[in-house]
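A.B. asks: Quick one, what's the 3D model for this:
(chains A and B)
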Amino acid sequence: MNTRDLDLLSSYLDGQLKPSDSARLEARLSSDPDLRAVLDDLRAARGLLRQLPMRKAPRNFTLTPKMVGKNPPLPRSYSAFRFVTAFASLMLFFTLGLNFVVPQMTSQPPNFGYGGGGAPDLYAAQAPAAESSIATEAPAAAEPAEEPPLVLMAPQPTATIDSAGNSRDMETPAEKQGVTNETNVLEPPQAPEPAPPPIPQSWLIALAAVAVLGALIMVLMRQAAASRWRK
Amino acid sequence: MDEQALIHEAQTGNLDAFNTLILHYQDSVYNTALRILGDEDHAADATQEAFISAFKSISSFRGGSFKAWLMRTVTNACYDELRRQKRRPTTPLEPDTDDGEEMDSPRWLADPGMTPDQKAEADELEHALQHCLNNLPLEFKSVVVMADIQGMDYSEVAVAVRVPLGTIKSRLARARLRLRECLQGFSELLPASFRLEEGSNA
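C.D. replies: Sure, this is the predicted structure:
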């Protein structure tokens, strides 16, 4: 008995053969007692299996919410919303990072540390800024500057004698003004205008809106599933 | 019972709808597990696990035969149970006697309402068949249980065990032949109907 004949006989028993194959096998069965014996064996085995009593389930296998966990099953679309929300959030963080890093990279050359090639560049970059700062401050300092000699030709501080007989120098207004002017001049240069961010703000807003909306829908879907669960 | 409506409800998380399906199918699922595992307690455990697993993954059911889909779940639960048994072989649970020693034989398991002879006679065919089923390779056993005991058609069995139709035919034929060979060793224990059938083959 080869395996093909065995498969044929088993399928024939279940009526799974095509009519032509079935007729061919029946012709062989009529002339081959061994084949017929195998068919009878298969039929006997199947008959016995079919006689096996169906046992009644020993108890009910119905489920409780506790048995299947606290989380109710969510609709299929939930996973799509989860993906969209996660993707939008990821893109939002990425674009935020990009908008933060790129302007800094474009406006400030790298500093290579002490004595490095970067330091002169840094000064070079700052120098025009300082000049421009002075230049811009020139009109503000114009009023005192109209009397530059005043700084130089300021009256000598007058000494006053207090009641205790100690003398102390009195600061002149010009000196005060000079100090003020000095501080104005030494004021650190203003930071350069930052480069525009590579990703427009509208994109950030759109991504944030998608992320928030997706998260909101996910929460609502969870709540709806939970309410159905409690029913 | 509108099965499709219940399935749809269950897919939206309605546990009551799924429990209705469970009540309808639990005998079939339990019997499948019982014949694959050959042990009532393990079969009950596997059945419960199968229904829990089925509920959790019911959203993956895309139509077709729900029974076949359930059978796939219970077959997987049986495979898991058998793997668990291999990892942790259990020892028979035997109660202590009054003086604190374990009983030598599990006589306490016998139904007091039946004599051993009566019980053996009543379960003769079932025991012999179960013994032979237990000796079958797992992939043959699941196919023959579904096709010949549960009466599922070939395509349903193919869906349940996820193999091509040709493989189902082949496994079923081999399983039947092996069962027949095995049962011939129990000829004196088998009922008259089987012996008559056996005699008619000769």
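A.B. asks: okay, CA-based contacts and neighbour counts for the rest of this
C.D. replies: OK.
A.B. asks: Around chain A, which positions in chain B sit nearby?
C.D. replies: Contact residues (Cα under 8 Å from any Cα of the partner chain) of chain B with chain A: B:11-15, B:19, B:22-23, B:26-28, B:30-31, B:44, B:47-48, B:51-52, B:55-56, B:59, B:125-126, B:129, B:148-149, B:169-170, B:172-174, B:176-177, B:179-180, B:194, B:197-198, B:201-202.
A.B. asks: Pull out the buried residues from those residues.
C.D. replies: B:11-15, B:19, B:22, B:26-28, B:30-31, B:44, B:47-48, B:51-52, B:55-56, B:59, B:125-126, B:129, B:148-149, B:169-170, B:172-174, B:176-177, B:179-180, B:194, B:198 (16 or more other Cα atoms under 10 Å in any protein chain shown).
A.B. asks: Which ones among these lie within strands?
C.D. replies: If you go by DSSP state E, these have nothing in strands.
A.B. asks: quick one: the strands in chain A?
C.D. replies: Chain-ordered strands for chain A, with DSSP E as the definition, fall at A:159-161, A:167-169.
A.B. asks: quick check: mean pLDDT across the first one?
C.D. replies: Mean pLDDT, computed over strand A:159-161, is 48.
A.B. asks: Now do the helices in the chain.
C.D. replies: If you meant another chain, say so; for now it's chain A. For chain A, applying DSSP state H gives helices covering A:3-13, A:19-31, A:33-51, A:77-107, A:118-137, A:142-145, A:148-152, A:173-186, A:201-230.
A.B. asks: meant chain B, my bad for not saying
C.D. replies: Secondary structure of chain B (DSSP H): helices located at B:3-11, B:15-37, B:40-56, B:66-87, B:116-122, B:124-134, B:138-144, B:154-161, B:165-184, B:192-201.
A.B. asks: Let's have those in TSV, adding mean pLDDT.
C.D. replies: Converted to TSV, these look like this (pLDDT from 0 to 100):
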stretch	mean pLDDT
helix B:3-11	94
helix B:15-37	95
helix B:40-56	95
helix B:66-87	92
helix B:116-122	57
helix B:124-134	87
helix B:138-144	94
helix B:154-161	93
helix B:165-184	92
helix B:192-201	48
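A.B. asks: Could you point out which of these sits nearest A:Ala37?
C.D. replies: helix B:192-201 (6.0 Å; Cα to Cα).
A.B. asks: Adding distance to A:Ala44, write the helices of chain B out as CSV.
C.D. replies: Converted to CSV, the helices of chain B look like this (distance: least, Cα to Cα, whole Å):
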stretch, distance to A:Ala44
helix B:3-11, 35
helix B:15-37, 18
helix B:40-56, 26
helix B:66-87, 25
helix B:116-122, 20
helix B:124-134, 12
helix B:138-144, 14
helix B:154-161, 19
helix B:165-184, 7
helix B:192-201, 7
